[in-house]
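Peer 1: Provide a 3D model corresponding to the input given below.
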Amino acid sequence: MDNLRRAVRDYASKHANGDGLALTKVPGLRMMCVHAPSGPLHSIYRPLVCLVLQGAKRMLVGSEERIVSRGESVIVTADMPVTGRIVQASQSEPYLALAVELDVALIREIASGLSSTAEDGSKAPPLLVANIDEVVLDCALRLMRLLGRPEAIPLLHPGIARELHYWLLSGPHGAVLRALSLPTSSASRLAAAVAMLRAEYRTRIPVRRLAKSAGMSSTAFHVQFKRLTSLAPIQFQKRLRLMEARRLMVHEGVSATAAAFEVGYESASQFSREYARLFGAPPKRDALRARSAPLPRTSARQRAANSASK
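Peer 2: Residues are numbered from 1 along each chain as shown. Presented below is the predicted three-dimensional model:
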C-alpha cells in the first residue's frame, strides 16, 4: 500500500483542485488528498470502488452512515447522493483515497462466466465496506503507473479494468454486485431513469416518463427510486442542478445569478435559498471561500522523504 499511497500523494500534490480532488486521463480514475478535517462534501456518485489509503472519511447515504478508514474499501453500488466528511487528516498525514468508476456492463459480462450464484441485492446496504484486497491494490497501482505513460492508456487500461472488476466480483461483496447488475434488478432498471435525469437536469421531466424508462408504474418507480437513492426524483434532479451550479461558480468563475439560470432555475432567490440549505452558505460566499482555499502542497521535507523512499 505504501507505493500506491506515495503515488497518489505525489500526483494529487500537483493536480488536485481546492477541494483536494484530482482527475486523471485514465478513464474513471480519480483521487483525493485533503490536509485537514473538512466537509460536508456533497456528491452524486456513480457506481465505483474507493480505496482509503490514509486517514478516514464519514459517508452518509440516506440513513446509512459508515466511517471508512485506512486499509478499507467502499463500493457504491448505484448512482446515488453521498454526503462525505473527512474526519481524519493532517498536513503530515493527509486523507488519501483513490476511486475507480465501475462498468456495470463489464460486471454483467464477467459475472456471466462465473459459476457462483448471486444473492438477493434488494436488501444490500448502499455502501459495501471491506478490507482492501492485495490484488485490488495491485490493479490500482498499475492504473496509477499509466499516468506516466499516457500513450499506453488505450492499450493497457481495458485489461487492468477487466482484472479489477473480476477481483471485486470474486471478493466478499461479489454476490451482491452480481445481483445488482442483473437486468431485472431495481438498480439496473432505474439506471435509464438516472441517466435521463443526469442528461436533462436543466428541464422538468414528468415522472411518468422516468417511470416508463424504468419499466415501472409511477407509484412503484417513486418507491424504488427513493429506496435506492434516498431522494425523490425531483430532489435528485435538484441536487444535480445545485452541484453543477457550484462547479460553474468555483471552477469557471461564473456568477451566482448566471449559474442559477444556466442549470435551469427561473428564480435567483429560490436558487440562493436551496443552495444555502445544501451547502451551508449562500452561493457567492461559498464560491469565494472555495476558490480561496489553498491547493494541496507537498512540503520540502515531504518531497525529500518521498525521494529518499523511492
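
Peer 1: quick one: the helices in the stretch 101-250 of the chain?
Peer 2: 104-111, 134-145, 153-169, 174-181, 186-199, 207-214, 218-229, 233-252 (DSSP state H, counting those that start in this stretch).

Peer 1: quick check: mean pLDDT of the fourth one?
Peer 2: In this case it means helix 174-181. For helix 174-181, mean pLDDT rounds to 82.

Peer 1: which strands or helices does that helix pack on?
Peer 2: helix 104-111, helix 153-169, helix 186-199 (3 or more CB pairs under 8 Å, 6 or more residues apart in numbering; DSSP states H and E). C-beta coordinates here come from the backbone N, C-alpha and C atoms, glycine included.

Peer 1: for the ones you listed, which one sits closest to Ala89?
Peer 2: Shortest distance between Ala89 and the helices and strands packed on helix 174-181, using CB to CB, is found for helix 153-169: 26.1 Å.

Peer 1: who does the closest one touch, helix- and strand-wise?
Peer 2: Identification of packing neighbours for helix 153-169 by 3+ CB pairs under 8 Å, 6+ apart yields helix 104-111, helix 134-145, helix 174-181.

Peer 1: let's see it at 6 Å
Peer 2: helix 104-111, helix 134-145 (3 or more CB pairs under 6 Å, 6 or more residues apart in numbering; DSSP states H and E).

Peer 1: averaging pLDDT over each of those, which comes out lowest?
Peer 2: Among those, helix 104-111 has the lowest mean pLDDT, at a mean of 90.

Peer 1: buried residues in it?
Peer 2: By neighbour count on 16 or more other CB atoms under 10 Å, the buried set for helix 104-111 is 104, 106-108, 110-111.

Peer 1: give me the contacts around it.
Peer 2: Residues from elsewhere that reach helix 104-111, judged by CB atoms under 6 Å, 6 or more residues apart in numbering: 165-166, 169, 177-178, 181.

Peer 1: orientation of that helix relative to helix 174-181 in degrees?
Peer 2: On the basis of axes from the mean of the first three to the mean of the last three CA atoms, to 10 degrees, helix 104-111 is oriented at 130 degrees to helix 174-181.

Peer 1: using PDB, write out every CA atom in helix 104-111.
Peer 2: Taking Å, rounded to 0.1, in the frame of the first residue of the first chain, the C-alpha atoms of helix 104-111 are listed here in PDB:
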ATOM      1  CA  VAL A 104     -21.900  -2.300 -14.900                       C
ATOM      2  CA  ALA A 105     -21.900  -3.900 -18.400                       C
ATOM      3  CA  LEU A 106     -18.500  -5.300 -17.700                       C
ATOM      4  CA  ILE A 107     -19.600  -6.600 -14.300                       C
ATOM      5  CA  ARG A 108     -22.500  -8.300 -16.100                       C
ATOM      6  CA  GLU A 109     -20.300  -9.800 -18.700                       C
ATOM      7  CA  ILE A 110     -17.700 -11.200 -16.200                       C
ATOM      8  CA  ALA A 111     -20.400 -12.400 -13.800                       C
END
